[in-house]
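[1] the following block contains a protein sequence and its predicted model.
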Amino acid sequence: MSADERAWMVERQLRRRGIEDERVLAAMGRVPRELFLPPELRDAAYGDAALPIGAGQTISQPYMVALICEQLALHGGERVLDVGTGSGYQAAVLAELADEVHTIERIPELAERARDGLAAAGYADRVHLHLGDGTRGVRECAPFAAIAVAAAALEAPPVLYDQLEPRGRLVVPVGGSDGQWLEVVVRTPEGPAALRTVPCRFVPLVVGR
Ligand code: SAH
């Protein structure tokens, strides 16, 4: 049942809206999103929406998860960082696309639940969960080929840029409550090359703990 709903989500919400990376589409077709939701919301797992996961936070809309993954341009084999674990869903999708995933969350209650969801879905040994302030990255595990941020900052955090490999990519929602853009920043020998892609709406990235 959920496999059918998931296949439908991939076609209607992702492919039809322009997601083209076949690896991303396949990954989204494999990860059981219902396992990252509170039990009472599981029936809504394959709807076209962000959903509440507690502590005032949300699991991102499937399309946004797919778009961020596509913009990270992963080929497999990379080490990546996911800032703002939330439910753990994005981290699980990244685990399908890369070799080693680090994810960091500042709210202990969410980190605990994400740990359970990741274990239930079979990603416990492929995703390393850290508790702390993700605006500082995870220095001891850097550099990363790609960094995804699931909360909006006023500008792309320079500390995260510094933890990228050469040619590494950072995807981050940038802007305040009056509007945000998904920004892709590539690390180049000449410095950050940034491109604003689509308008978006994320919870704020909180600086400090
Ligand atoms: N990727 C998540 C989306 C979670 S929403 C998912 O798929 O479910 C964004 C998350 O970022 C929230 O859980 C919030 O607590 C977290 N967050 C905000 N600021 C943070 C920070 N400085 N460090 C780590 N996590 C942060």
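    Alright, I've got the coordinates. As the structure is a computational prediction, the values presented were derived from the model and not from experiment.

[2] show me where the protein has strands.
    Under the criterion DSSP state E, the chain contains strands at 51-54, 57-59, 79-83, 100-105, 127-131, 144-149, 164-176, 179-188, 191-200.

[3] for the fourth one, name the packing helices and strands.
    This means strand 100-105. strand 79-83, helix 89-97, helix 108-120, strand 127-131 (3 or more CB pairs under 8 Å, 6 or more residues apart in numbering; DSSP states H and E). For glycine as for every other residue, the C-beta is placed from the backbone atoms N, C-alpha and C.

[4] a markdown table for those, including mean pLDDT and distance to the ligand?
    Shown next, in a markdown table, are the helices and strands packed on strand 100-105 (pLDDT from 0 to 100; distance: least, CB to the nearest ligand atom, whole Å):
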| stretch | mean pLDDT | distance to the ligand |
| --- | --- | --- |
| strand 79-83 | 98 | 6 |
| helix 89-97 | 98 | 4 |
| helix 108-120 | 98 | 5 |
| strand 127-131 | 98 | 9 |
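
[5] as TSV, those with mean neighbour count would be great.
    Output for the helices and strands packed on strand 100-105, formatted as TSV (neighbours: other CB atoms under 10 Å):
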stretch	mean neighbour count
strand 79-83	26
helix 89-97	26
helix 108-120	18
strand 127-131	19
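
[6] the chain against the ligand: which residues are in contact?
    Taking CB under 6 Å from any ligand atom, the part of the chain that reaches the ligand is made up of 57-60, 83-84, 86-87, 89-90, 104-107, 110, 133-135, 150-151, 203, 205-206.

[7] which pLDDT value goes with Arg209?
    As predicted, Arg209 sits at a pLDDT of 63.

[8] please convert the helices and strands packed on strand 100-105 to CSV, extending it with distance to Glu11.
    CSV is the format used below for these (distance: least, CB to CB, whole Å):
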stretch, distance to Glu11
strand 79-83, 25
helix 89-97, 17
helix 108-120, 25
strand 127-131, 27
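
[9] so which of these is nearest Leu164?
    Taking CB to CB, strand 79-83 is the member of the helices and strands packed on strand 100-105 nearest to Leu164, at 9.1 Å.

[10] contacts for that closest one, please.
    72, 74, 90-91, 94, 98-104, 134-135, 137-138, 141-151, 160, 163, 205 (CB atoms under 8 Å, 6 or more residues apart in numbering).

[11] give me the sheet partners of that strand and which way each runs.
    Strand 79-83 has these partner strands in its sheet, going by DSSP bridges: strand 100-105 (parallel), strand 144-149 (parallel).

[12] could you dump the ones you listed to TSV with mean neighbour count and mean pLDDT?
    TSV is the format used below for the strands paired with strand 79-83 (neighbours: other CB atoms under 10 Å; pLDDT from 0 to 100):
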stretch	mean neighbour count	mean pLDDT
strand 100-105	25	98
strand 144-149	25	98
